[in-house]
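Peer 1: quick one, structure for this:
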Amino acid sequence: MSGHSKWNNIKRKKEATDGAKAKIFTKMGREITVCVKEGGPDPNNNSKLRDLIAKAKANNVPNDNIERIIKKAAGDSEKTNYETMVYEGYGPCGVAVIVECLTDNKNRTAGDVRHYFDKFGGNMGTSGCVSFMFTKKGEIICEYNGQDEDKIMEDIFEAGASDFNIDDDIIEIATEPNDVFKVSESLSSMGYKVISAEVAQVPSTYTTLTDEKAIKMMNLLLENLEDNDDVQNVFHNWDMPQVPEEE
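Peer 2: Predicted coordinates for the structure are as follows:
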């Protein structure tokens, strides 16, 4: 499991402002819209949509929002076509970064992503330049409230997960990529509070930054990428420092 680095990344999103939460809803909406147009609005006949609904719920998107997005996409005659694009590159001091996008304008998105890399001490590379350092895995974060660890292990493996780690007040759970949302729903039905569920690019090694300027630039790179409406996910191998708990 990926330890504090993953949890700090989730925590940063969890503690985001209302504006940032709205952006998360927008990004989820775009994914669902594309999925409905490709496979139809019925989650019983569109397994990808079923997974996205579970993902949206795990990211605290209200049910009304989800239903409204599906209904709008099903009746939408707009011919906007979104393409999946993946960009790879290096942040400050060689931190590996993967940027997954859904865009209706590849030139605009590629230009924006390249600009962020250049502005904040990195450089955008060619396809495959860093992806070999990552493996796709399902990752679920649940709250840990002192439950019996043997019972947690029994529940997690019964739900279909492959590994788990208890770290302070959270449980990190690993699954096969195709099982993540099914396992998340199963754990929710058992009473676990799911904070996040996603298919993530998990790095095999991590890079530590000690230079204050490099840390500042890396944070700015991630913030600007995540704020871009075309960017769906950002994965990296920066071993992010512990976020101190507020008193």
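
Peer 1: roughly how far apart are residue 29 and residue 236?
Peer 2: Separation of residue 29 from residue 236 (C-beta to C-beta, to the nearest Å): 25 Å. Where you see a C-beta, it was placed from the backbone N, CA and C, and this is true even at glycine.

Peer 1: those two: which is more packed in?
Peer 2: Neighbour tally, residue 29 and residue 236, criterion other C-beta atoms under 10 Å: the higher count belongs to residue 236, 25 against 19.

Peer 1: the bottom helix or strand of the protein by mean pLDDT?
Peer 2: Sorting the helices and strands of the chain by mean pLDDT, DSSP states H and E puts helix 3-14 at the bottom, at a mean of 50.

Peer 1: now do the lengthiest helix in the chain: which elements does it pack against?
Peer 2: Secondary structure of the chain per DSSP state H: the longest helix is helix 18-39. In terms of contacts (3 or more C-beta pairs under 8 Å, 6 or more residues apart in numbering; DSSP states H and E), helix 18-39 is packed against helix 47-58, helix 63-74, strand 96-103, helix 212-227, strand 231-236.

Peer 1: quick check: which of the ones you listed is nearest to residue 25?
Peer 2: Closest of the helices and strands packed on helix 18-39 to residue 25 is helix 63-74, at 6.2 Å (criterion: C-beta to C-beta).

Peer 1: spatially nearest residue to residue 198 (excluding sequence neighbours)?
Peer 2: Distances taken as C-beta to C-beta, 6 or more residues apart in numbering place residue 139 nearest to residue 198, at 6.0 Å, with adjacent residues excluded.

Peer 1: domain boundaries for the chain, per the record?
Peer 2: Taking automatic domain parsing as the criterion, the chain consists of the domains 3-74, 83-132+204-236, 134-202.

Peer 1: what's the mean pLDDT across the last one?
Peer 2: I take that to be domain 134-202. Averaged across domain 134-202, pLDDT comes to 91.

Peer 1: off-centre distance for that domain?
Peer 2: Distance of domain 134-202 from its chain centroid, counting by C-alpha atoms, centre = their mean, to the nearest Å, is 15 Å.

Peer 1: could you work out the end-to-end span of that domain for me?
Peer 2: End-to-end distance for domain 134-202, by C-alpha to C-alpha, to the nearest Å: 5 Å.

Peer 1: offset the numbering so it begins at 230, please.
Peer 2: Yep, numbering from 230; the last one is domain 363-431 now.

Peer 1: residue contacts, residue 418?
Peer 2: Listed by C-beta atoms under 8 Å, 6 or more residues apart in numbering, residue 418 has no contact partners.
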